[in-house]
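>>> Coordinates for the following, if possible.
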Amino acid sequence: MFNLDQFLLDREERADRQFALIDKFNLPLISLRSNYPGENKNAFIPREILEIIHEEIQNILGNSIKYEENIISLEGKTFLLIVKMNAIDLKKLVMEIEEKHLLGRCVDIDIFNENKEPLSRTDLGYSKRKCFLCDNLAFACGRSMAHTHEEIQDNIKTRYINYLSYDKKRENIIDTIGDLALKAMILEVSAFPSFGLVSPLSNGSHKDMNFFTFIDSSFAIKPYLKKMAKVGFSPLSLDIIFNQIRKIGIAAEEEMFLATSGVNTHKGMIFLMGIAVAITSKVLYEDDDFSSISKYISLMCKDILKDFENININSKLTHGEKLFLNHGITGIRGEVKNGLQSIFKGSIDIFEESLNKDSNINKAMIQTLLFLMGELEDSTILHRQNIDTLKEIQKTAKKLLKSGGIYNSENVSIIKTLEDEYITRRISPGGAADSLAVTIFLSNCKNILFK
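Numbers count the residues shown, from 1 in each chain. Down below sits the predicted model:
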């Protein structure tokens, strides 16, 4: 038999615990509970839904969660999470989950700021939550008992069943995206001759890495690319997705350095491929077409050059900041801000047309690499060399491509000679290599996931 006095006592003890945690950490708190009618808040479906939303929040917030615990009482299970994040931004984020996640309306996600004040939707200028069975306000339906417990429970059960189908689809897509990203990275490092890049036959112009270093690194970062894809396959806004994949990217870099004993094999790749997998996943979630990926990338990265607007010339400048100040070069940041036009309106077509010639993927990769070397402001070349060397390489690559590239037999010996020359001069078109891998990835996605 339901004990109302105990229920009220449980609620009071939960509130006391919430405030104690805020006092201890002096950070905002999330209180996550089931929004399930009736006396049995610990039934299977509300408990499972709560675990699902809890995992979603963990995936989104990651290392921003500084502490968490759970309470089980007559209120059902309650997760309490202390989060290092601005309370208003946190409220906006959980509102997206509540409104857009398939199960978001089945839970209550309350946010308390550092002063133990609850933040409401109206505090942020939003309207109150609506009932998920009709268009009336939720509190009005609850007060008037407009819907029976059975009606609401049946609706929640239907949402849960629909979520299970959605989750199966999502996991299949995420697995496929992760596999295609890994395949693309391994194919890229397998191309030869590759103008000073690492390959199975040469360390290229690098003394601290080889083909096997890249294999280790590729497998180390794959789980993080899958995490980025999972964040993308969601109702979250592009701004939130970008913030979350940047955090995942930092963790991926740490794992890369562990796998390579401190060698930077894939830092640029993590950034570029991370954006590609997240947005590809987002476009699939929105059921949009392949051609819209470029637009989504541009929208997500619209503010990515703002860091260059407030450069302090008296501080220690990054390599990218120096390139921007001295030459106006925006590098890969400029590429993603423009929606990777060099890939969507260039290298994908080059790669696919090359494959159609003789199905030789190595030749297709070299041809595509030539195109990208001719087009990109490759920051790796600039970092290891200078602007004059970059212009020289761009001019040489364009000339070779115009004369047929790797498919002109007279160019084969020239390309092999350039490989040796670039190794001697320590030239490595790493930016073009990253774009080649993303080209391969996107081409495979187009032919497998967007049919």
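>>> what element comes up after the helix or strand of the chain at the bottom of the mean pLDDT ranking heading to the C-terminus?
Least confident element among the helices and strands of the chain, by mean pLDDT, DSSP states H and E: helix 319-327 (a mean of 70). Sequence-wise, the next helix or strand downstream of helix 319-327 (DSSP states H and E) is helix 331-337.
>>> what residues does that following helix touch?
Applying CB atoms under 8 Å, 6 or more residues apart in numbering, the contact partners of helix 331-337 are 268, 271-272, 275, 297-298, 301-302, 304-305, 308, 320, 323, 330, 341-342, 376-379, 382, 431, 434-435. Glycine gets a C-beta too; all of them are placed from N, C-alpha and C.
>>> go again using 7 Å as the cut-off
Helix 331-337 has contacts (CB atoms under 7 Å, 6 or more residues apart in numbering) with 268, 271-272, 275, 297-298, 301-302, 304-305, 320, 323, 342, 377, 379, 431.
>>> again, but for stretch 259-271
Looking at what lies outside stretch 259-271 - CB under 7 Å, 6+ apart - the contacts are 185, 208-209, 213-214, 216-217, 220-221, 249, 252-253, 256, 332, 430-431, 434, 437.
>>> Start and end of it, how far apart?
18 Å (CA to CA, to the nearest Å).
>>> Can you point out the buried residues in it?
259-260, 263, 265-271 (16 or more other CB atoms under 10 Å).
>>> Just the closest of those residues to Met365, please.
Proximity of these to Met365 (CB to CB) peaks at Met269, which lies at 15.1 Å.
>>> before we move on, the earlier item: write the PyMOL selection for whichever of the contacts of stretch 259-271 are buried.
Restricted to buried positions by 16+ other CB under 10 Å, the PyMOL selection for the contacts of stretch 259-271 reads:
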select buried, resi 185+209+213+214+216+217+220+221+249+252+253+256+332+430+431+434+437
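>>> mind checking how far Ile72 is from Lys24?
Per CB to CB, to the nearest Å, Ile72 is found 21 Å from Lys24.
>>> Which elements pack onto the lengthiest helix in the chain?
Counting by DSSP state H, the longest helix found in the chain is helix 149-190. Judged by 3 or more CB pairs under 7 Å, 6 or more residues apart in numbering; DSSP states H and E, helix 149-190 is in contact with helix 44-61, helix 211-232, helix 267-285, helix 361-375, helix 430-448.
>>> Please name whichever of the ones you listed is nearest to Glu150.
helix 44-61 (13.3 Å).
>>> The closest one packs against which elements?
With contacts defined as 3+ CB pairs under 7 Å, 6+ apart, helix 44-61 has these neighbours: strand 29-34, strand 76-83, helix 87-100, strand 107-112, helix 149-190, helix 211-232.
>>> Break this structure down into its domains, please.
4-147, 169-448 (automatic domain parsing).
>>> Can you tell me which of those is most buried?
Highest mean neighbour count of these: domain 169-448, a mean of 19 (counted as mean count of other CB atoms under 10 Å).
>>> Give me the distance from it to the chain's centre.
Chain-centre distance of domain 169-448: 15 Å, with CA atoms, centre = their mean, to the nearest Å.
>>> now stretch 159-176
When distances are taken as CA atoms, centre = their mean, stretch 159-176 is centred 18 Å away from the chain's centroid.
>>> Stretch 30-44 too?
Its chain's C-alpha centre and that of stretch 30-44 lie 31 Å apart, by CA atoms, centre = their mean.
>>> Could you give the average pLDDT over it?
Averaged across stretch 30-44, the pLDDT comes to 88.
>>> What of stretch 71-83?
pLDDT averaged over stretch 71-83 gives 93.
>>> In PDB, list the C-alpha atoms belonging to it.
Taking Å, rounded to 0.1, in the frame of the first residue of the first chain, the C-alpha atoms of stretch 71-83 are listed here in PDB:
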ATOM      1  CA  ILE A  71      18.700   7.900  -4.700                       C
ATOM      2  CA  ILE A  72      16.000   5.200  -4.800                       C
ATOM      3  CA  SER A  73      12.800   5.900  -3.000                       C
ATOM      4  CA  LEU A  74       9.000   6.000  -3.400                       C
ATOM      5  CA  GLU A  75       9.700   8.800  -5.900                       C
ATOM      6  CA  GLY A  76      11.500   6.300  -8.000                       C
ATOM      7  CA  LYS A  77      15.100   6.500  -8.900                       C
ATOM      8  CA  THR A  78      16.700  10.000  -8.900                       C
ATOM      9  CA  PHE A  79      20.100  10.900 -10.400                       C
ATOM     10  CA  LEU A  80      21.900  13.900  -9.000                       C
ATOM     11  CA  LEU A  81      24.700  15.200 -11.100                       C
ATOM     12  CA  ILE A  82      27.100  18.100 -10.300                       C
ATOM     13  CA  VAL A  83      28.200  19.800 -13.500                       C
END
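>>> In this structure, where is pLDDT below threshold?
1-2, 310-321 (pLDDT under 70).
>>> Tell me the spacing between the closest residue to Ile366 other than its chain neighbours and Arg426.
Take Ile366 and drop its neighbours on the chain: the residue closest to it by CB to CB, 6 or more residues apart in numbering is Ile406, 4.6 Å away. For Ile406, the distance to Arg426 equals 23 Å [CB to CB].
>>> Asn444 now?
32 Å.
>>> how far away is the residue nearest to Met85 when sequence neighbours are not counted from Ile82?
Excluding its sequence neighbours, the residue lying closest to Met85 (CB to CB, 6+ apart) is Ser64, at 5.2 Å. Separation of Ser64 from Ile82 (CB to CB) stands at 10 Å.
>>> what's the answer for Met256, then?
Taking CB to CB, one finds Met256 at 29 Å from Ile82.
>>> Quick check: Asn115 is in a strand.
No: using DSSP: H, G, I helix; E, B strand; the rest coil, the assignment for Asn115 is coil, not a strand.
>>> Enumerate every residue touching it.
By CB under 7 Å, 6+ apart, no residues touch Asn115.
>>> try 10 Å this time
Counting by CB atoms under 10 Å, 6 or more residues apart in numbering, Asn115 touches 22, 26, 28, 87.
>>> Distance of Gln121 relative to Leu137?
Actually, residue 121 is Arg. It isn't Gln. Distance from Arg121 to Leu137, by CB to CB: 11 Å.
>>> what is in contact with the two at once?
Applying CB under 10 Å, 6+ apart, one finds that Arg121 and Leu137 are jointly contacted by 127-129.
>>> out of these, which one sits closest to Ile52?
Arg129 (19.3 Å).
>>> Apart from its neighbours in sequence, what residue is nearest the closest one?
Among residues not flanking Arg129 along the chain, Ala138 sits closest, at 4.6 Å (CB to CB, 6+ apart).
>>> ok, now Ala437?
Excluding the flanking residues, the one nearest Ala437 by CB to CB, 6+ apart is Glu188, at 4.0 Å.
>>> Perfect, I'm done here.
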